[in-house]
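Participant: only geometry, no sequence info:
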């Protein structure tokens, strides 16, 4: 058992079945699909509240998604802990500024990678809330419910993602 | 439906956290908390992300619809429209291609020590979510509701029993995964 937990990589099918079963558990015990992007909205609202005070709660968007800690926020916090546990058990945990595939094409200067990641993150934060979900909420939880919106969303995620990655790596 | 458990707020936060730990553990073991693997998928050279997503979807689809048949689960399909889902999805995709993580895997990447995920990805997504909350009233007026089709699911659209979709989709996923393996991807 410990040997298995200490493996660096599991089969994608084992991982996929695990995530599928986990989805069933969250539907059963919490009446909630797994999703990650609203936690970022709520956190953003909590940070904004530090600077602008209570009137942040009056913003139309935060009336839909109140800036507070909820189930999904705890899920995202748990993801950090779970990934840390997994990486620690396999000895894969290490501080890293520049991923190797990025370094191979664009050099290992941390500032460049940080700046690009920041821009990409901003785009993703806007897009996730614009589309009403991310690769978890739409991509896995929505598609498994056979929701039309989620099948459309995941198709657009990959059209945008493949197109952009190809442009960045093949053109620049 | 286990409504008594659903109603307990503190317990629910604990379950959310525990589910997150399992989710993060699985994502890290799957390798998808790593930039190289996600970008490999978007460059169509490494199909790990698609294999995990398709397997999770197929497994969860059968399981959740089974729970629903037993009266133990309810579906929560998200509403959709061309203006929000398609356009937002494309914007998300551009971010996906630039960042090389998504909102779930970026959290997992932080857990394994990726600093570009923490200071670039997480900070960027928070800024983006903040910008969206600022733009929301205007966007809601002009574009988000264009081509609205609501919370509809495939079985509702095609007016058939959900199992009539679950089975073909499940078999389709298995065939697709078989073809991917056969093609050596």
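Facilitator: That came through, no problem. Keep in mind the model is a prediction, meaning the values are calculated, not measured.

Participant: now do the helices in chain B.
Facilitator: All helices of chain B, identified by DSSP state H, fall at B:3-6, B:9-30, B:35-42, B:48-69, B:87-99, B:103-111, B:115, B:123-142, B:154-158, B:163-182.

Participant: for the last one, give the mean pLDDT please.
Facilitator: Regarding helix B:163-182, the rounded mean pLDDT is 98.

Participant: mind giving me the packing neighbours of it?
Facilitator: helix B:48-69, helix B:154-158 (3 or more C-beta pairs under 8 Å, 6 or more residues apart in numbering or on different chains; DSSP states H and E). C-beta: built from backbone N, CA, C; applies to glycine.

Participant: show me the contact partners of it.
Facilitator: A:13, A:146, B:47, B:50-51, B:54-55, B:57-58, B:61-62, B:65, B:154-155, B:158 (C-beta atoms under 8 Å, 6 or more residues apart in numbering or on different chains).

Participant: give me the buried entries from those residues.
Facilitator: A:13, A:146, B:47, B:50-51, B:54-55, B:57-58, B:61-62, B:65, B:154-155 (16 or more other C-beta atoms under 10 Å in any protein chain shown).

Participant: in JSON lines: these, plus distance to residue A:67 and pLDDT.
Facilitator: As requested, the buried ones among the contacts of helix B:163-182 are exported to JSON lines (distance: C-beta to C-beta, whole Å; pLDDT from 0 to 100):
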{"residue": "A:13", "distance to residue A:67": "39", "pLDDT": "98"}
{"residue": "A:146", "distance to residue A:67": "32", "pLDDT": "98"}
{"residue": "B:47", "distance to residue A:67": "38", "pLDDT": "98"}
{"residue": "B:50", "distance to residue A:67": "34", "pLDDT": "98"}
{"residue": "B:51", "distance to residue A:67": "36", "pLDDT": "98"}
{"residue": "B:54", "distance to residue A:67": "35", "pLDDT": "98"}
{"residue": "B:55", "distance to residue A:67": "35", "pLDDT": "98"}
{"residue": "B:57", "distance to residue A:67": "31", "pLDDT": "98"}
{"residue": "B:58", "distance to residue A:67": "36", "pLDDT": "98"}
{"residue": "B:61", "distance to residue A:67": "33", "pLDDT": "98"}
{"residue": "B:62", "distance to residue A:67": "36", "pLDDT": "98"}
{"residue": "B:65", "distance to residue A:67": "34", "pLDDT": "98"}
{"residue": "B:154", "distance to residue A:67": "34", "pLDDT": "98"}
{"residue": "B:155", "distance to residue A:67": "36", "pLDDT": "98"}
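
Participant: cool, thanks, talk later.
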